[in-house]
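# Quick one: sequence plus predicted model below, questions after.
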Amino acid sequence: MRTVLTLLMALMLTSARAAAPPVAFEGTWRPDPQLPSATRKPETVQLVGGFYDCKACDPPYKIKADGRDQAVPGNPIYDTMSIAAVDPHTLKGIAKKNGTQVGEVLITVSPDGTTKSEKTTLTGMAPKPIEVTSRYRRVAAGAPGSHPVSGAWQLIDTDVTNHAEDTTFKLEGGKLVMTDLMGGSYSAKLDGTEAPYNGNPQYTAVRINLINSKTIEESDLNGGKVVQIRRWSMAADNNTIHARFDDTQGHVQEQTGHRVR
């Protein structure tokens, strides 16, 4: 569930302020699977003695794995979690907020125990469910007698597998108009003028600056403060984008995306 918040930021592109704006920036775009940073540490979980201990979760928690809702304080997305074994290699988790289900995760370990996948489905955060799949490889074994999900796992990649993050851009009256399938939208000039950011609780406003004909910088604000800086660089083929995400807290992620249409 921890990786999902990073995975809800849509891929954003734009165009130029020139009299003849480059139409190559217009269209619908999709991020490629996101690779972890080289410094990302393995994630450790344990299921042993009837308790599921998620040290990798933010904040960490340890609950009974009996399929019943357990309190998980301190998480902004959910306040209870239930974990139950579906079979010897599969776990199912249900996350709720104020009694309403907001997420489901299916964790499956390969028969040889060397890899696992986590398929998370988030509901209530967008007009359609958001389905995120993360793949891992084992780097350390779990405790003796523990469930195969136990141990330390290194993230391989993460992808929004139902493409709920697809984002469409067009130019209208000198403004960049963005809409995404998660309900986010804005219409902003390319000169850094602040404009409302609609439909995304993480942001209240946006500023778009044209760096050059192939590069756009987007600053996302919440309550007047910049909380995310995104820079988009168009490749020569006009079908590939390189994206750089800076959360202004010292965490930078990079990702590529491609044109869908």
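Good, I have the coordinates.
# Residue 209 and residue 200: what is the separation?
20 Å (Cβ to Cβ, to the nearest Å). For every residue, glycine as well, the C-beta is placed using N, CA and C.
# Please read the previous query as pertaining to residue 76.
15 Å.
# between the two, who's got more neighbours?
More neighbours surround residue 200 than the other of residue 76 and residue 200, with 21 against 8 (other Cβ atoms under 10 Å).
# if you skip the residues just before and after it, what's nearest to that one?
residue 184 (4.1 Å; Cβ to Cβ, 6 or more residues apart in numbering).
# ok, now which ones touch the one you found?
By Cβ atoms under 8 Å, 6 or more residues apart in numbering, the contact list for residue 184 reads 10, 178, 197-200, 203.
# Out of the residues you listed, which comes closest to residue 97?
Set against residue 97, the nearest of the contacts of residue 184 by Cβ to Cβ is residue 200 (17.7 Å).
# which residues touch the closest one?
Per Cβ under 8 Å, 6+ apart, neighbours of residue 200: 182-184.
# got a pLDDT number for the residue nearest to residue 204 when sequence neighbours are not counted?
In space, residue 204 comes closest to residue 222 once its chain neighbours are excluded; the distance is 5.4 Å by Cβ to Cβ, 6+ apart. The model reports residue 222 with a pLDDT of 96.
# For the protein, give me the ranges with low pLDDT.
Within the chain, the set of residues satisfying pLDDT under 70 comprises 1-24.
# rerun that using 50 as the cut-off
1-22 (pLDDT under 50).
# separation between residue 224 and residue 230?
18 Å.
# Correction: the previous question concerned residue 210.
Distance from residue 210 to residue 230, by Cβ to Cβ: 14 Å.
# contacting residues around residue 137?
114-115, 153-154, 156.
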